[in-house]
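Student: Have a look at this prediction, sequence included:
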Amino acid sequence: MLKIIKYFLLDILNNKVVLGLSLFFFIVSMSLLYLDENQNKAILSLMNIIFIVVPLISMFFSANYYWNSYEFKEILLCLPLKREKIILSEFIAVSLSISLSILVGLGVPCLIFGAETNIYYLILLAVILNISCVALSMWMVILTKDKSRGLGLVLLMWFYLTMLFDVLLISIMMNFSDYPLEKIVLVLASLNPIDLCRISMMLQLDISALMGYTGALYKEYFSGSGGSILSLSILMLWIIIPVYLFVKKFGQKDI
């Protein structure tokens, strides 16, 4: 399995998208940390960029790479290798390559400017979010046999998670404001890994007051070390469940 991961990883690292992502995060983080003396403001701006760009790149790149490496997977399937090992190797390689881009692109400026602990927590969330989005993307493309349809599903999922989900959540809160929705809102927030990362980061920066009543509610459950552990645990489920689903589906898929 390590040899398969190594091949996939070397192939991906030769891709200019990975290098371009590293340069993008390096330039953006350097600019924000240099221009803004208040690191918390810089981190907040960086957070808004990361939680839009990382899911998009992770989901689209992993879906596209799945189809581009289809012939190689067919060759591997002719060998005495388990299907689970092949698809897991690809998942690990894609996740690792994008995670390295995030770590290099964001980590180097942090070391240069001597950033605070909060930004390292943001990097951790970005890496976890990347792995989760890669898992979601691979699950969706394995469900389809057509590349264009698979990429369309991935872009639709990205749009839903980054924009449409928040609109639906706000609509529910406004239309049912007369009812006790506290626990329901908490459950709904857990159904979106991007929102969960954003909430966890804003609580880490102690700016939950900007979210009003909702922020007070999130602070009650997600603040402190216990809250961080809870949010990270839920994010782990956003990795484990999609991985289980796409591994199972790939094992049954007619290739």
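Tutor: Sure thing, it's come through. Numbering: from 1, shown residues only.
Student: gap between the residue nearest the centre of the chain and L76?
Tutor: In the chain, the centroid-proximal residue (CA atoms, centre = their mean) is L129; its distance is 2.3 Å. Taking CB to CB, to the nearest Å as the measure, L129 falls 29 Å from L76. All C-beta atoms are positioned from the backbone trio N, CA, C, and that covers glycine.
Student: contacting residues for Y65?
Tutor: By CB atoms under 8 Å, 6 or more residues apart in numbering, Y65 lies in contact with I12, N15, E90, V94.
Student: Repeat the analysis, applying 6 Å as the threshold.
Tutor: Residues in contact with Y65 (CB atoms under 6 Å, 6 or more residues apart in numbering) are V94.
Student: got a list of contacts for stretch 67-77?
Tutor: I86, K147.
Student: mind checking how far it is from the chain centre?
Tutor: Counting by CA atoms, centre = their mean, to the nearest Å, stretch 67-77 is centred 25 Å from the centre of its parent chain.
Student: what comes up buried for that stretch?
Tutor: The neighbour-count check on stretch 67-77 (16 or more other CB atoms under 10 Å) flags S69, K73, L76 as buried.
Student: Could you do stretch 80-98 as well?
Tutor: Those would be 83, 86-98, for stretch 80-98 by 16+ other CB under 10 Å.
Student: for stretch 30-43, same thing?
Tutor: M30, L32, L33, Q39, A42, I43.
Student: I figured the third one hits I112, correct?
Tutor: No: here L33 lies out of contact with I112, judged by CB atoms under 6 Å, at a distance of 8.1 Å.
Student: show me where pLDDT drops low in the stretch 51-200 of the chain?
Tutor: 114-115, 173, 177-183, 185 (pLDDT under 70).
Student: So which residues of it form helices?
Tutor: 70-77, 83-113, 117-142, 147-159, 165-175, 182-189, 193-204 (DSSP state H, counting those that start in this stretch).
Student: Redo those as a markdown table? Include distance to K253.
Tutor: Converted to a markdown table, these look like this (distance: least, CB to CB, whole Å):
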| stretch | distance to K253 |
| --- | --- |
| helix 70-77 | 10 |
| helix 83-113 | 8 |
| helix 117-142 | 6 |
| helix 147-159 | 13 |
| helix 165-175 | 29 |
| helix 182-189 | 32 |
| helix 193-204 | 25 |
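Student: excluding its backbone neighbours, what's nearest L191?
Tutor: The shortest distance from L191 to any non-neighbouring residue, by CB to CB, 6 or more residues apart in numbering, is to F165 (7.8 Å).
Student: That should have said N192, apologies.
Tutor: Closest residue to N192 apart from its sequence neighbours, by CB to CB, 6+ apart: F165 at 4.9 Å.
Student: Surely that neighbour is in contact with S190?
Tutor: No: counting by CB under 6 Å, F165 stays clear of S190, with 11.6 Å between them.
Student: Find the nearest non-adjacent residue to L153, please.
Tutor: M140 (4.7 Å).
Student: for Y66, that is, sorry about that
Tutor: Spatial nearest neighbour of Y66, chain neighbours left out: V141 (5.0 Å); criterion: CB to CB, 6+ apart.
Student: Quick check: the gap between the one you found and L205.
Tutor: Separation of V141 from L205 (CB to CB) stands at 35 Å.
Student: Looking at those two, which has the bigger crowd around it?
Tutor: In this view V141 and L205 are compared by other CB atoms under 10 Å, and V141 has more residues nearby, 24 against 18.
Student: OK, contacts around that one?
Tutor: Applying CB under 6 Å, 6+ apart, the residues contacting V141 are A63, Y66, G150.
Student: Show me which of those is closest to K3.
Tutor: K3 has its nearest neighbour among these in Y66, at 19.5 Å by CB to CB.
Student: any idea how far the closest one is from S97?
Tutor: Taking CB to CB, one finds Y66 at 14 Å from S97.
Student: How about L232?
Tutor: Using CB to CB, L232 is found at 22 Å from S97.
Student: Likewise for N118?
Tutor: In this structure, N118 and S97 are 26 Å apart, going by CB to CB.
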